[in-house]
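Fold the following.
(2 chains)
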Amino acid sequence: MSILVGPALHPAHLITDLKSRSRDSVLGELARQAQEIGVTREPGMLRATLLMRERLGSTAVGHGFAVPNARSLLVTRPVLLLGRSRCGVDWGAEGGAPVRIVLLVMSPAGMSAPCHVAAVGRVVEAARPARSRQRLFESDSPGEIAELLGVAPG
Amino acid sequence: MTGWSDVVSLHDLDLLLEEARCGGARQRTASLGFDLAGLAALERARVRLHARLDGRWAHAYERAQRRYGRGVVAVRDRVCQGCFITLPTCAVASLDSLAICESCGRILFWR
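Numbering: from 1, shown residues only, chains lettered A, B, ... in the order given. Have a look, this model is predicted:
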């Protein structure tokens, strides 16, 4: 079942092979993608906002995936970007496995804190089962991924 | 001189601190497995960022933050998204500089 409130996902939101090899540059790559799809005009500042979130605590949640997220004036609409890394990225979590799936959840500043956290929570919980993680790594279908994560297809 | 980037960074940092401090959001974030140990470091970062603002903008930000819960608000189609007043045409000239909504007093973010 799709949840139609919150971030949406369409083909341009999927980066199947992240070029970057470090957490900071992956966030930069995703922020530039956000600019490409018209979600922000300031990818450099958006990256800085995402890094600030990492200073609060790592957004790696185990099992090789991370859910960086931001609520920001720089974001025009709720959106989800998915990036996959074949080699894995060191996300800076103590003792954490390399991150291979990055799910970036962004909300505009007007969204309330509970709504944003709820959107992040839906993505984390949908991606947590081993079978879902496997599909997230293998699938090239934005529709299937949107269905899996319970977000609106774009 | 205060640039819009410092004001926007302060605003976004305040949103993040709200999530990290607010009971329900904090509990939910922690229950998802996120580490929130860096709260004190973020609070120090806020003090440093706030100190970089000119007095006038720091004052305007804090006043609007106290009154409305948000110090900065986006402008869409020349409409302040805080009080929904249509801004005067001459206000568009200040795209790269800071401005305050004459109706509600929030700092305007044009992008």
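
So what's the gap between stretch A:80-87 and the chain middle?
Computed by C-alpha atoms, centre = their mean, to the nearest Å, the separation of stretch A:80-87 from the middle of its chain amounts to 8 Å.

Not counting it itself, show me its contacts.
With C-beta atoms under 8 Å, 6 or more residues apart in numbering or on different chains as the contact definition, stretch A:80-87 has outside contacts at A:7-9, A:13-18, A:20-21, A:26, A:29-30, A:33-34, A:98-106, A:123, A:136-137, A:145, A:149, A:151. Quick note: C-beta positions are derived from backbone N, CA and C, even for glycine.

Ignoring the adjacent residues along the chain, who's closest to the closest residue to chain B within chain A?
The minimum distance from chain A to chain B, using C-beta to the nearest C-beta, falls at residue A:57 (3.2 Å). Nearest residue to residue A:57, sequence neighbours excluded (C-beta to C-beta, 6 or more residues apart in numbering or on different chains): residue B:35, at 3.2 Å.

got the residues of chain B near chain A?
B:5, B:8-9, B:11-13, B:15-16, B:18-20, B:22, B:24-25, B:28-29, B:32-39, B:41-42, B:45, B:70, B:72, B:74, B:81, B:109, B:111 (C-beta under 8 Å from any C-beta of the partner chain).

Pull out the buried members of those residues.
By neighbour count, with 16 or more other C-beta atoms under 10 Å in any protein chain shown, these hold B:8-9, B:11-13, B:15-16, B:18-20, B:22, B:25, B:28-29, B:32, B:34-35, B:38-39, B:42, B:45, B:70, B:72, B:74, B:81, B:109 as buried.

Among those, which are located in strands?
B:72, B:74, B:109 (DSSP state E).

Let me know whether the residue nearest to residue A:57 touches residue A:61 as I believe.
No - at 9.4 Å, residue B:35 does not count as touching residue A:61 under the criterion of C-beta atoms under 8 Å.
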